[in-house]
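> model this:
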Amino acid sequence: MFDFLRASAKNKVLRTTLYGDQEFSLWEMEFLHTPLFQRLYNLKQLGFADRVFPDAVHSRFNHVLGVTEVAERMARRLHVWLGQHEYETFKYANDRVAQADKDEIHEITGKELAGLVESRIPSIRLFALLHDITHAAFGHTLEDEVRVFSEKHDDPTRQIRFFDALVAQLVYIWCTEARIRDADPSVLDRLGILRPDPDEFKAWVEEIAAFLDLDSLQPGKRRLLAAKLRELEIALRLLLRLEFLHEEPAQEKLVPPLEPLLVTEAIEILDPKLEALDLALHRDAFMIDLVGNTICADLLDYGRRDAQNSGLKVQFDERLIKYLTIVSVKEDRLSPTYRPCLRIALQFFTDKMRYDVLSEMSLVLKARYVITERVLFHPTKCAVGGLLGTAVQLVGIKALPAWIQVLGDQEFLAELTTIATYLSTFCTTYRPGEDYLLALSSLWGNVPEMPELLHQCIKGITGAPGNVVTEAQCSQIADRAHAARRLCWNLSARRYPKLAFRLRNDVQQSGGATFKTIAEEYVDPQARFDLERNVERTCGLPLGTLVIHCPRSKGQMKLADVLVVGRDLTKAAKLRDLTNVSPESLGPYMREIRAIEEMYLSIWQFHAFLDSAYFEKQPVVAWVLEKELGFINDRLLAEELALEPASVFRVLATDLHDDVAPNRLTSIISEVDTKMAGLRLRHEQSPSNTREWLLGIIQSVNTQATPKGQTRLFPKN
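Residues are numbered from 1 along each chain as shown. Next up is the predicted model:
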């Protein structure tokens, strides 16, 4: 027991595809062997990419092992470089003073910094190992791509929740394996859904401290464990500063104060006299850069891993690591606070100009572009991501509770179906006017977390202020639950919707509107959801048959933010501004970098996907979207869709386009649907003279009164 505290403890060797034999200390293996870490096996690194590239099924578990290896290599390279610049002086600001106090600047030599890096390698490895621990199922899809959830994996609130649960799981495992306590299933369940009890945790740590004191053969274990936990605390606190470091720089920004963490409490119990936490963000920011910035261990691993498992023939050389340096920056928005800060940079001038560094940087950018274009934004993957996002919105989930955040990918999809089914069941048993909280508790009281989530769903669907819903609202819940269940079924059967409408990044109106106008509006999940439902109502489509995918306009361009430096270490710039460092012969390289950035913009596309069962209505769906968005369907897609089998709706949207009063379109489509249903009953596929048949319907509808309240071109409810 506690073998990881023995001085003679040997590392474990794990054989991996990309790096061969990787060594992990027994201390690191303790984290690997926790439920919270093992769940990473069930989170695919590329989400739904395997629906297009069947071998792209590698997990976040595989990825973080690789990042740990690369992060240590980078740290050791920095250690060597700092040793070669031991007399260089680096300046950094005090974390706890305001911008006005400009005199509060510290200095550290290369030699001192080398010693710091060497001592921090265990923490850097833990930082890398745990950097994805807070990811939820399909996190990048739901949080970054379709953005139905605002809390992301690097949100400090979520991080603290996961970090405390991880430490609590580890401490409780030690208690049970040392036979201090018998494993209590109820405690295990609570820890599994990120609900550790602080008082219980304190008692466990005190019991472990007493247990370690009894070991007379190996004294000092208690203090050694506290020191190990201090390494962990440094890693966790660096992770907690990830978001701060990547936010927009501002002169008034102050480093957040230290948050309460269970690991800190454990350290104080085990060894109250242990040396105080040594953490200074303006000095230690470069450690965060090693794992979570631009050219970092994270990218260098997933760039190779994602490409290889997706079958893409793109490669780049890790020799970039040889040119890592540390620079002190404060101007040109290179520091998060505009105050001196130590950051990672790539040096393209050593004893001579290293043009190969710049060309290798270009290869990395191109490789990342290819992965983004062909894998991350493949139309089928976009369709699946949009489908999942719409299903989540249909059931009314606004935020993921902790017990859902810890689920694996397949568990999440199963739970989403279960939630939709429960909502359907609720609607069949609930009597309008009653307190539905009582109904939820009586139906699912044996699953304590479910009533609370279903309550959130009902609120999200109806917006009802109290705990009572009307008959009409109950019907609304039932309809949306039914639609969500159908989408989940289509997802499980791989029956994805087909592309019906597309906008590219080159669209522009005479009034100045561009693709960015569309992106700014419909990157908002509620605006996108409202558009989907409005088009469905206008075109007489069932709920959930239209799915829209609209990414941000900026794209994945942050790689060009990596810092570069020449011979003068005081003069750093972003890669896209390369000539600011040295103008000699570097113009072509900078233009190439900026050209790749422009290529990222070309990836942007607005997609509208239509359920294949209703694809005959694609022409009118495109027509309505053109009116709503103010842009016509992409010409190449329109030409491709013209090869689809002809339908009455194509004739309506093309030949008879000018004969239809826009505010009558919904009524005309409804009448066409009714008459087409009659034809199908008589085993007829279409009318004998489609054009004349449609003109008759248009004339009949035009003689009727305009539906009450229908005043918009294409009305929204």
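> okay, CA-based contacts and neighbour counts for the rest of this
OK.
> pLDDT value on D506, please?
D506 carries a pLDDT value of 86.
> cool, S216 as well?
63.
> Tell me how far H683 lies from E671.
Taking CA to CA, to the nearest Å as the measure, H683 falls 19 Å from E671.
> So for these two, which residue has more residues nearby?
The neighbour count for H683 versus E671, taken as other CA atoms under 10 Å, is higher for E671 (18 against 9).
> Now the more buried one: which helix or strand?
helix 665-681 (DSSP states H and E).
> Would you mind identifying the next helix or strand past that helix?
Sequence order places helix 690-702 as the next helix or strand after helix 665-681, per DSSP H and E.
> what's near enough to touch the nearest residue to L225 once chain neighbours are set aside?
Counting by CA to CA, 6 or more residues apart in numbering, L225 lies nearest to L5, which is 6.9 Å off, once chain neighbours are set aside. Going by CA atoms under 8 Å, 6 or more residues apart in numbering, L5 touches 27, 221, 224-225.
> which of those residues lies closest to R486?
R486 has its nearest neighbour among those in W27, at 46.5 Å by CA to CA.
> distance of that closest one from L229?
10 Å.
> what do you get for A519?
Note on A519: its distance to L229, by CA to CA, is 45 Å.
> where does the chain dip in pLDDT?
Residues of the chain that meet the criterion pLDDT under 70 lie in 97-103, 216-218, 331-332, 510, 555-560, 705-717.
> residue closest to the middle of it?
The centre of the chain sits closest to H140, judged by CA atoms, centre = their mean, with a distance of 2.4 Å.
> Quick one: classify R96 as helix, strand or coil.
At R96, secondary structure determined by DSSP: H, G, I helix; E, B strand; the rest coil is coil.
> thought it was touching L254?
Yes: counting by CA atoms under 8 Å, R96 touches L254, with 7.1 Å between them.
> Same drill for those two, tell me which one is more crowded.
Shown here are R96 and L254; by other CA under 10 Å, L254 has more neighbours (16 against 13).
> ok, and the closest non-adjacent residue to A420?
Nearest one to A420, counting by CA to CA, 6+ apart, is A481 at 4.8 Å.
> Check whether E118 really touches L78, as I assumed.
No: using CA under 8 Å, E118 is not in contact with L78; the gap is 9.3 Å.
> Would you mind telling me which of the two has the busier surroundings?
L78 (24 against 15).
> residues in contact with stretch 156-168?
Contacts of stretch 156-168 (CA under 8 Å, 6+ apart): 34, 36, 133-134, 151-153, 191-192, 194-196, 201, 236, 240, 243, 261-263.
> Kindly report the same for stretch 343-351.
Residues from elsewhere that reach stretch 343-351 (CA under 8 Å, 6+ apart): 285-286, 289-290, 320, 323-329, 354-355, 357-358, 562-567, 572.
> redo that, cut-off 7 Å
The contact list for stretch 343-351 (CA atoms under 7 Å, 6 or more residues apart in numbering) reads 285-286, 289, 323-328, 354-355, 357-358, 562-567.
> next one: stretch 624-634
If you take CA under 7 Å, 6+ apart as the criterion, stretch 624-634 is touched by 501-504, 535, 622.
> Please, which helix or strand holds S362?
Judged by DSSP H and E, S362 forms part of helix 355-371.
> Keeping just the C-alphas, turn that helix into PDB.
C-alpha atoms of helix 355-371 as PDB (Å, rounded to 0.1, in the frame of the first residue of the first chain):
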ATOM      1  CA  TYR A 355      14.500  29.200 -42.200                       C
ATOM      2  CA  ASP A 356      13.600  25.600 -41.500                       C
ATOM      3  CA  VAL A 357      11.900  26.600 -38.300                       C
ATOM      4  CA  LEU A 358       9.500  28.900 -40.300                       C
ATOM      5  CA  SER A 359       8.900  26.300 -43.000                       C
ATOM      6  CA  GLU A 360       8.100  23.700 -40.300                       C
ATOM      7  CA  MET A 361       5.700  26.100 -38.600                       C
ATOM      8  CA  SER A 362       4.000  26.500 -42.000                       C
ATOM      9  CA  LEU A 363       3.700  22.700 -42.200                       C
ATOM     10  CA  VAL A 364       2.100  22.500 -38.800                       C
ATOM     11  CA  LEU A 365      -0.400  25.200 -39.800                       C
ATOM     12  CA  LYS A 366      -1.200  23.400 -43.000                       C
ATOM     13  CA  ALA A 367      -1.600  20.000 -41.300                       C
ATOM     14  CA  ARG A 368      -4.000  21.600 -38.800                       C
ATOM     15  CA  TYR A 369      -5.900  23.200 -41.700                       C
ATOM     16  CA  VAL A 370      -6.300  19.900 -43.500                       C
ATOM     17  CA  ILE A 371      -7.600  18.200 -40.300                       C
END
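> mind listing what's buried in it?
Within helix 355-371, the residues scored as buried using 16 or more other CA atoms under 10 Å are 357-358, 360-371.
> just checking, S328 is part of a strand?
Yes: counting by three-state DSSP, S328 is part of a strand.
> which residues does it form a beta bridge with?
Here S328 shows beta-bridge partners L342, assigned using DSSP bridges.
> and the angle for the helix holding E671 with helix 690-702?
Interaxial angle of helix 665-681 relative to helix 690-702 (axes from the mean of the first three to the mean of the last three CA atoms, to 10 degrees): 130 degrees.
> can you give me how far helix 665-681 is from the chain middle?
Centroid separation between helix 665-681 and its chain, computed with CA atoms, centre = their mean, to the nearest Å, is 43 Å.
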